[in-house]
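1. Generate coordinates for the sequence data below:
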Amino acid sequence: MQSLRELYNVGRGPSSSHTIAPERAARLFAQRYPAADGFRVVLYGSLAKTGRGHGTDRVLEMTLPAKTEIVFDEATEAPHPNTMDFYALRNGEPLGKLRVFSVGGGEIRIEGEPDRTPPAVYRFHTYNEIKAYCAENHIRIPQYVRQEEGDGIMPFLDGIWQRMQQSIREGLDAEGELPGGLHLQRKAGYLLRQRHIDERPETREDRIVCAYAYAVSEQSASGGTVVTAPTCGASGVVPAVLRYMQEKHGFTDAEVLDALATAGIIGNIIKTNASISGAQCGCQAEVGSACCMAAAALAELFKMDLEQIEYAAESAMEHHLGLTCDPIRGLVQIPCIERNAVAAMRAIGSLNLANFLTHTRKISFDMVVETMYQTGRDMNRIYRETSEGGLAKLYR
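-> The predicted model follows:
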């Protein structure tokens with residue numbers, strides 16, 4: 001498995017696969033052809049069908065240094081659901097071409113070139129292997145992360161945590177409509193302020209957790225800066241639960257960083273053995289994965305054992321299986337923003353189940369990850385970030 005530095009990325013929303021990855025690809029292509037005075041980019045698959053709503057065209061035009069033509073080719077079948085063809089031009093004549101795949105979480109791969117994927121850092125790539133190693137050596141998952149990554153990983157995670165909190169603050173302070181034409185009002189600040197004098201503790205918890213999830217998700221939807229956890233479209237879940245629990249229970253930043261390390265291992269297992277891309281496996285791969293990460297992070301915060309951490313993560317994914325990705329008008333707004341909030345509440349529910357029912361567990365985390373991947377591959381493509389099915393089809 002790769003470093004957690006490749007999972008947690010800081011970038012502009014609304015989509016890691018549709019904005020962060022195209023920006024990276026465009027920057028790389030421009031560096032290869034500095035003499036170009038024009039560019040042409042052809043988008044296929046999910047990028048073609050939802051790229052306008054996701055802002056793919058805008059980020060490409062902002063990144064490439066000369067006039068750029070964007071073509072949304074919805075008809076041609078490409079080898080990957082997020083495929084981009086880049087063309088460099090000089091006086092109208094071609095200089096070069098590059099085919100790039102956006103594979104999830106902002107990561108890119110280039111056709112016909114050696115895999116640019118960073119080298120593996122971790123010896124093990126399943127939860128069962130990591131659990132066995134930690135149990136044998138009497139360590140917790142954050143200690144395993146430090147062993148494999150070195151002590152430098154903790155300052156990195158501290159920067160990630162600071163950015164997550166900043167995104168929450170920015171989202172709570174922002175007001176008005178989100179861009180894109182749906183006339184969707186920001187709700188994060190409103191939720192935070194809607195305190196009732198007779199509010200029950202459970203209701204207050206849901207309201208505040210949702211407010212934090214909305215804050216980050218609305219920032220992402222507006223093109224603001226967020227942390228992929230594991231993607232921009234699912235970036236609100238992990239920060240929301242960690243910020244709330246830190247405020248409620250007084251956990252230190254060091255304890256939160258350990259929770260982020262554990263969440264990162266869970267996200268990395270999914271990324272390595274399945275997918276975190278909505279275009280490949282639907283929203284179960286994005287918000288479902290974020291819910292797993294959040295549930296495991298909470299279990300680490302409360303110093304639950306390795307079996308309980310597994311139960312929390314497995315339960316979170318099991319009850320997202322089959323979740324489709326059907327963004328209305330290709331915007332990462334409906335149902336995406338609210339879905340982050342619901343997943344944050346569900347992560348807390350999975351934590352509570354893990355506290356009481358771990359000994360009854362029948363399904364392993366590795367099994368549910370494999371199930372999610374197979375379910376995603378079997379899912380009709382219209383439910384995999386194309387805006388051709390579900391709510392996106394029926395909304396008028």
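2. Going by C-alpha atoms from here, please, whenever you check contacts or count neighbours.
-> Will do.
3. quick check: mean pLDDT across stretch 160-173?
-> Average pLDDT, stretch 160-173: 98.
4. which residues are contacting that stretch?
-> Residues from elsewhere that reach stretch 160-173, judged by Cα atoms under 8 Å, 6 or more residues apart in numbering: 8, 10, 188-189, 192, 211-216, 218-219, 225-227, 239-240, 243, 257.
5. Select from these every entry located in helices.
-> Counted as lying in helices by DSSP state H, out of these, are 188-189, 192, 211-216, 218-219, 239-240, 243, 257.
6. are any of those buried, and which?
-> Neighbour counting by 16 or more other Cα atoms under 10 Å classes 188-189, 192, 211-216, 218-219, 239-240, 243, 257 among these as buried.
7. Low-confidence bits of the stretch 101-250 of the chain, can you list those?
-> Judged by pLDDT under 70, the stretch 101-250 of the chain has no weakly predicted residues.
8. go again using 90 as the cut-off
-> 104-105, 114-119, 194-199 (pLDDT under 90).
9. what are the ranges of the helices in it?
-> All helices of the stretch 101-250 of the chain, identified by DSSP state H, counting those that start in this stretch, fall at 127-137, 141-149, 153-173, 188-193, 201-221, 237-249.
10. Out of the ones you listed, which is closest to Ile363?
-> Among the helices of the stretch 101-250 of the chain, helix 127-137 comes nearest to Ile363, with 11.9 Å by Cα to Cα.
11. related to what we said a few turns ago, and the ones in helices among the contacts of stretch 160-173, which two are the farthest apart?
-> The most widely separated members of the ones in helices among the contacts of stretch 160-173 are Gly189 and Leu257, with 26.1 Å between them, by Cα to Cα.
12. how about the longest strand seen in the chain: buried residues?
-> The longest strand of the chain (DSSP state E) is strand 93-104. Neighbour counts using 16+ other Cα under 10 Å place Leu95, Lys97, Leu98, Arg99, Val100, Phe101, Ser102, Val103, Gly104 of strand 93-104 among the buried residues.
13. end to end, how far does stretch 76-83 reach?
-> With Cα to Cα, to the nearest Å applied, stretch 76-83 spans 11 Å between its terminal residues.
14. List of residues touching that stretch?
-> 17, 43-47, 99-103, 279-280.
15. Stretch 9-23 now?
-> Here stretch 9-23 has contacts from 47, 51, 54-56, 59-60, 63, 82, 102-108, 160, 163, 219-229, 231-233, 277, 332, using Cα under 8 Å, 6+ apart.
16. starting at the chain centroid, how far to it?
-> Distance, stretch centre to chain centre, for stretch 9-23: 10 Å (Cα atoms, centre = their mean, to the nearest Å).
17. any idea which of the buried ones among the ones in helices among the contacts of stretch 160-173 is closest to Ile348?
-> Among these, Ala240 lies closest to Ile348 (Cα to Cα), at 10.7 Å.
18. List the residues that contact that closest one.
-> Here Ala240 is in contact with Ile168, Val209, Cys210, Ala211, Tyr212, Ala213, Ala344 (Cα under 8 Å, 6+ apart).
19. gap between it and Cys232?
-> Separation of Ala240 from Cys232 (Cα to Cα) stands at 14 Å.
20. Then Ala295?
-> Computed with Cα to Cα, the distance linking Ala295 and Cys232 is 18 Å.
21. Kindly report the same for Phe86.
-> Using Cα to Cα, one obtains 24 Å as the distance from Phe86 to Cys232.
22. Pick out whichever of the two has more residues nearby.
-> A direct count of neighbours by other Cα atoms under 10 Å for Phe86 and Cys232 places Cys232 higher, at 34 against 19.
23. Verify the contact between that one and Val226 for me.
-> Yes. Counting by Cα atoms under 8 Å, Val226 is a contact partner of Cys232 at 6.8 Å.
24. who touches both of those two?
-> By Cα under 8 Å, 6+ apart, Cys232 and Val226 have these common neighbours: Arg12, Gly13, Ser220.
25. And the buried ones among these, selectable in PyMOL?
-> Those of the shared contacts of Cys232 and Val226 that count as buried under 16+ other Cα under 10 Å are selected in PyMOL with:
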select buried, resi 12+13+220
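26. Could you dump the shared contacts of Cys232 and Val226 into a markdown table and include distance to Phe124?
-> Below are the shared contacts of Cys232 and Val226 laid out as a markdown table (distance: Cα to Cα, whole Å):
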| residue | distance to Phe124 |
| --- | --- |
| Arg12 | 31 |
| Gly13 | 31 |
| Ser220 | 32 |
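27. can you pull the contacts of the residue positioned nearest the centre of the chain?
-> The centroid of the chain falls nearest to Thr231 when counting by Cα atoms, centre = their mean (1.6 Å). For Thr231, the contact set (Cα under 8 Å, 6+ apart) comprises Ser15, Ser16, Ser17, Gly104, Gly105, Gly106, Ile276, Glu286.
28. how many neighbours does the second one have?
-> As a burial measure, Ser16 scores 33 neighbours (other Cα under 10 Å).
29. Roughly how far does it sit from Ser220?
-> 10 Å.
30. before we move on, what about Val145?
-> Taking Cα to Cα, one finds Val145 at 28 Å from Ser220.
31. now do Arg381
-> If you go by Cα to Cα, the gap between Arg381 and Ser220 works out to 25 Å.
32. can you check Ala299 too?
-> In this view, Ala299 and Ser220 are 26 Å apart by Cα to Cα.
33. Ok, Val369 next?
-> On the measure of Cα to Cα, Val369 and Ser220 end up 26 Å apart.
34. Go ahead and report the secondary structure state at the nearest residue to Phe365 once chain neighbours are set aside.
-> Residue nearest to Phe365 in three dimensions, not counting chain neighbours: Glu314, with 4.7 Å by Cα to Cα, 6 or more residues apart in numbering. Taken by DSSP: H, G, I helix; E, B strand; the rest coil, the conformation at Glu314 corresponds to helix.
35. Alright, calling it a day.
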